[in-house]
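S.K.: the sequence and its predicted three-dimensional model are supplied below.
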Amino acid sequence: MNDTFLKACRGEKTEYTPVWIMRQAGRYLPQYRKVRENVDFLTLCKTPELAAEVTIQPLEILKVDAAILFSDILVPLEPMGIDLEFSEAKGPIIHNPIRKESDLDRLRNIIPDDELSFVAETIKILTQKINVPLIGFAGAPFTIATYMIEGGSSKNFSKAKTIMYQTPQAFLRLMDFITDNTINYLISQINAGVSAVQIFDSWVGALSPYDFSRYALPYVQKIISAINHKVPVIYFAFNSGSMLELVAKSGADIIALDWRIEISDAVNKLSGSVAIQGNLDPCILFGTDELIKERVSLILNGAKGAKGHIFNLGHGILPETSPEKAIRMVDAVHNYGKS
């Protein structure tokens, strides 16, 4: 196996900087769109053979150094008792959101190896077929809570924050529930064979540092502590560069960065204590080949003082991106990132 990604996770010396791309299996690839012609998104996630197929596609096309399991952070919600729909136009829609404390009584703890067995089956297929590490993942408790309360995506998270501020005991009860189930879900993925896990905190940047410390960070810390170094853990707290020192207290082995912070500044703030991942603006891939090479080089140079560096975008690759541009980026990382 090409273990360059895992070496970087551990802060070990690598021959070159490893790279993978968030949402690297997705709509920007014609091969993915062809699979989706005959199946809806949720069915694709629940069909191990197809989920494995689209997970592998970017490995063959882009030559990245890690695969990430094709799934979604909201997949565990259905067995919890959440009525979930994925709309092509609107994204995730929850038809029975949590709006008051009594709504929590209808939630059910999940048994991942039973109700989410398709995830473990996909992992087992992939570990037999790929020669790079496989990354499992889950949503962070705060991010999952916002979906469960808001009923979908939100611009200001007013419903979630209303519960958080007016009835904090209800919000924290929900956070405890999500945290316990997330631990079980990630442990199930680890037992099935993933080599690392990433915790996606997509909406935690909506919190102030104080609220992050009170309502989000302790639950991420609990998850990472429960994993107990079984595999490397990446924590991606999107739009949180202003509170990076707090994010580092999560206990994660790798801190993933969006593009809103210079990677050299992040390295200095983290004092070489953890490896870092990131952090090219996804829209750079709409630029010229020369621009892509230039920005890749800037990030690689800025990350030189880090304990370890995994190159990635600062968020998911956009559907309008040309696969050729993604290939150019990966090639540039491999060429410029040699030791």
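M.R.: Nice, I can see it.
S.K.: next up, the contacts around residue 142.
M.R.: 175, 201, 203, 204, 207, 215, 216, 219 (C-beta atoms under 8 Å, 6 or more residues apart in numbering). Where C-beta positions appear, they are placed from N, C-alpha and C, glycine not excepted.
S.K.: between the residues you listed, which sits nearest residue 68?
M.R.: residue 201 (16.0 Å; C-beta to C-beta).
S.K.: restricted to strands, list the contacts of residue 142.
M.R.: residue 201 (DSSP state E).
S.K.: of the contacts of residue 142, which is the nearest to residue 150?
M.R.: residue 203 (9.3 Å).
S.K.: just confirm that closest one contacts residue 143, I think it does.
M.R.: Yes: counting by C-beta atoms under 8 Å, residue 203 does reach residue 143; the two are 4.9 Å apart.
S.K.: look up phi and psi at the residue nearest to residue 148 when sequence neighbours are not counted.
M.R.: Closest residue in space to residue 148, ignoring its immediate chain neighbours: residue 98 at 4.9 Å, by C-beta to C-beta, 6 or more residues apart in numbering. Here is the backbone geometry of residue 98 (degrees, to the nearest 10): phi -90, psi 120.
S.K.: can you tell me which residues contact residue 98?
M.R.: Contacts of residue 98 (C-beta under 8 Å, 6+ apart): 104, 107, 148, 149, 163, 174.
S.K.: and residue 237, by the same measure?
M.R.: Per C-beta under 8 Å, 6+ apart, neighbours of residue 237: 140, 201, 204, 205, 247, 250, 255, 256.
S.K.: and if you look at residue 75?
M.R.: 42, 45, 46, 116, 119.
S.K.: in terms of pLDDT, where does it sit?
M.R.: Residue 75 carries a pLDDT value of 97.
S.K.: thinking again about what came up before, which one of the contacts of residue 142 is nearest residue 66?
M.R.: Using C-beta to C-beta, residue 201 comes nearest to residue 66 of the contacts of residue 142, at 19.6 Å.
S.K.: what is the neighbour count of the closest residue to residue 289 other than its chain neighbours?
M.R.: Excluding its sequence neighbours, the residue lying closest to residue 289 (C-beta to C-beta, 6+ apart) is residue 328, at 5.2 Å. By other C-beta atoms under 10 Å, 18 other residues sit near residue 328.
S.K.: I'd guess residue 328 is in a helix, am I close?
M.R.: Yes: the assignment for residue 328 is a helix, going by DSSP: H, G, I helix; E, B strand; the rest coil.
S.K.: residues contacting it?
M.R.: Going by C-beta under 8 Å, 6+ apart, the list of residues near residue 328 reads 289, 292, 293.
S.K.: ok, it to residue 62 distance?
M.R.: The spacing between residue 328 and residue 62, counted by C-beta to C-beta, to the nearest Å, is 10 Å.
S.K.: ok, now residue 156?
M.R.: For residue 156 relative to residue 62 (C-beta to C-beta), the value is 36 Å.
S.K.: who's more crowded, those two?
M.R.: Comparing residue 156 with residue 62 by other C-beta under 10 Å, the one with more neighbours is residue 62, at 20 against 9.
S.K.: any idea how far the more buried one lies from residue 41?
M.R.: From residue 62 to residue 41 the distance is 21 Å (C-beta to C-beta).
S.K.: cool, residue 237 as well?
M.R.: Taking C-beta to C-beta, one finds residue 237 at 25 Å from residue 41.
S.K.: what secondary structure does the closest residue to residue 69 other than its chain neighbours sit in?
M.R.: Ranked by C-beta to C-beta, 6+ apart and with sequence neighbours excluded, the top spatial neighbour of residue 69 is residue 136, at 5.3 Å. Using three-state DSSP, the structure places residue 136 in strand.
S.K.: who's in contact with stretch 34-50?
M.R.: For stretch 34-50, contacts defined as C-beta under 8 Å, 6+ apart pick out 27, 51, 53-54, 70-72, 75, 84, 86, 88, 118, 121-122, 125.
S.K.: any of the residues you listed buried? List them.
M.R.: Listed as buried from these are 51, 53, 54, 70, 71, 72, 75, 84, 86, 121, 122, 125; burial here means 16 or more other C-beta atoms under 10 Å.
S.K.: which ones among these map onto strands?
M.R.: Per DSSP E, the subset of the buried ones among the contacts of stretch 34-50 in strands is 84, 86.
S.K.: out of the buried ones among the contacts of stretch 34-50, which one sits closest to residue 262?
M.R.: residue 72 (30.8 Å).
S.K.: for the closest one, grab phi and psi.
M.R.: According to degrees, to the nearest 10, residue 72 has phi -150, psi 150.
S.K.: nearest residue to it in space, please, no chain neighbours.
M.R.: residue 45 (5.9 Å).
S.K.: roughly how far does the one you found sit from residue 54?
M.R.: In terms of C-beta to C-beta, residue 45 sits 10 Å off from residue 54.
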